[in-house]
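# Generate a structure from the sequence data that follows.
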Amino acid sequence: MQGSHDPTQLWQASLEALKQAQQHSASTLEQLTQQTVAWQQQAQQQWQELTQSAHTGAGLEGVFAQRVAQAMQAIGMPSVAQVQALQAQVHALQQRVAALEAAVASGQAPAPRASRARARKPIA
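A predicted model of the protein is given here:
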């Protein structure tokens with residue numbers, strides 16, 4: 001008989017195919033499991049970074065502050081560092097003026113001369 005197969009051979013071939021399918025599905029399942037674990041670890045790490053940056057102010061608040069500073073600079077507003085530098089200069093000048101006033105009051109320094117008015121040319 002040409003179309004007949006030995007039932008034992010069919011049974012063994014079926015078992016072999018089932019075994020290969022199980023091995024293949026086990027390796028595929030292992031790969032999926034490893035990928036899922038990697039994604040979970042990555043998500044946890046990103047979550048920790050996000051929560052830490054939110055606690056330190058480097059999150060959305062930091063981005064907002066940076067953008068506001070850029071907008072203020074674009075319209076000509078001085079930066080915090082520039083304002084602080086100006087405050088330091090004003091403080092130093094105040095100290096110098098106070099020292100000069102104290103010296104004049106105690107007679108140690110000559111009084112400042114009155115500024116001379118410049119002679120102006122007549123407008124023709």
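
# From now on I want contacts and neighbour counts done on CA atoms only, so please keep to that.
Noted.

# And the helices in the chain?
Under the criterion DSSP state H, the chain contains helices at 7-56, 60-74, 80-106.

# Would you pull up how far the first one lies from the middle of the chain?
Pointing back at helix 7-56 there. 35 Å (CA atoms, centre = their mean, to the nearest Å).

# quick check: mean pLDDT across it?
Per-residue confidence for helix 7-56 averages out to 82 on the pLDDT scale.

# Next: the second one.
Regarding helix 60-74, the rounded mean pLDDT is 81.

# Hey, what's the angle from it to helix 80-106? Just curious.
Going by axes from the mean of the first three to the mean of the last three CA atoms, to 10 degrees, helix 60-74 is angled at 60 degrees with respect to helix 80-106.

# Dump the helices of the chain into JSON lines; add mean neighbour count and distance to residue 123 as well.
Supplementary listing: the helices of the chain in JSON lines, determined by neighbours: other CA atoms under 10 Å; distance: least, CA to CA, whole Å:
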{"stretch": "helix 7-56", "mean neighbour count": "12", "distance to residue 123": "66"}
{"stretch": "helix 60-74", "mean neighbour count": "13", "distance to residue 123": "42"}
{"stretch": "helix 80-106", "mean neighbour count": "12", "distance to residue 123": "38"}
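
# quick one: contacts for residue 8?
Residues near residue 8 by CA atoms under 8 Å, 6 or more residues apart in numbering: none.

# What separation do you get for it and residue 66?
77 Å (CA to CA, to the nearest Å).
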